[in-house]
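Q: Provided below are the primary sequence and the corresponding predicted coordinates.
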Amino acid sequence: MNANCELLNFINKNSVMGRDSVDHIIPLVEDSSFRELLEGMHEDYTRISIASEALLAAKGENPDGVSAIARTMSGAMIDFSTIGDRSSAKFASMLLEGTKRGLSELEEKLRIYSGSRQEYLNLAESFKQMLASNQQSLESYL
């Protein structure tokens, strides 16, 4: 697989995992303002995943996707970690951890794949800005 596809697959996997995590948490949230934030994050993750899928399709490629095991483990981890604390602060802390990790990994990928097509780099930068904005928003709930 070439560097362009690797970058797009990274973006796709991370946006899908972010969206899935948010989807798992939304029904558990009682705070309406926090729920609204999560619903906006869901829309942003969906927009990024659709864009990455479209760019892969334009290259004749399918996204690698997220394994069923990874999705199940993520949901189980959320459930286990919030058994005794389902506060917005707890959910924000969990999402913030993933957001920071995703942002760090994306910055590394941007360095590695700096020679990729500008269209793909633009999507990566858009994803990076979205993650940074999410980070700032989530920190306000700690």
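A: Everything's here; your move.
Q: how near is I26 to N9?
A: Going from I26 to N9 by C-beta to C-beta, to the nearest Å gives 26 Å. C-beta coordinates here come from the backbone N, C-alpha and C atoms, glycine included.
Q: ok, which stretches of this structure are helices?
A: For the chain, the helices defined by DSSP state H cover 3-25, 32-58, 68-81, 88-112, 118-139.
Q: elements contacting the shortest one?
A: On a contact count with 3 or more C-beta pairs under 8 Å, 6 or more residues apart in numbering; DSSP states H and E, helix 68-81 meets helix 3-25, helix 88-112.
Q: for this structure, what helix or strand is lowest in average pLDDT?
A: One helix or strand of the chain scores below all others by mean pLDDT, DSSP states H and E: helix 68-81, with a mean of 75.
Q: who's in contact with that helix?
A: By C-beta atoms under 8 Å, 6 or more residues apart in numbering, the list of residues contacting helix 68-81 from outside reads M17, D20, S21, H24, I25, K90, M94.
Q: if you set the cut-off to 7 Å instead, what comes out?
A: M17, D20, S21, H24, I25, M94 (C-beta atoms under 7 Å, 6 or more residues apart in numbering).
Q: what does stretch 129-141 give?
A: The list of residues contacting stretch 129-141 from outside it, by C-beta under 7 Å, 6+ apart, reads 34, 37, 41, 44, 48, 88-89, 92, 95-96, 99-100, 102-103, 106.
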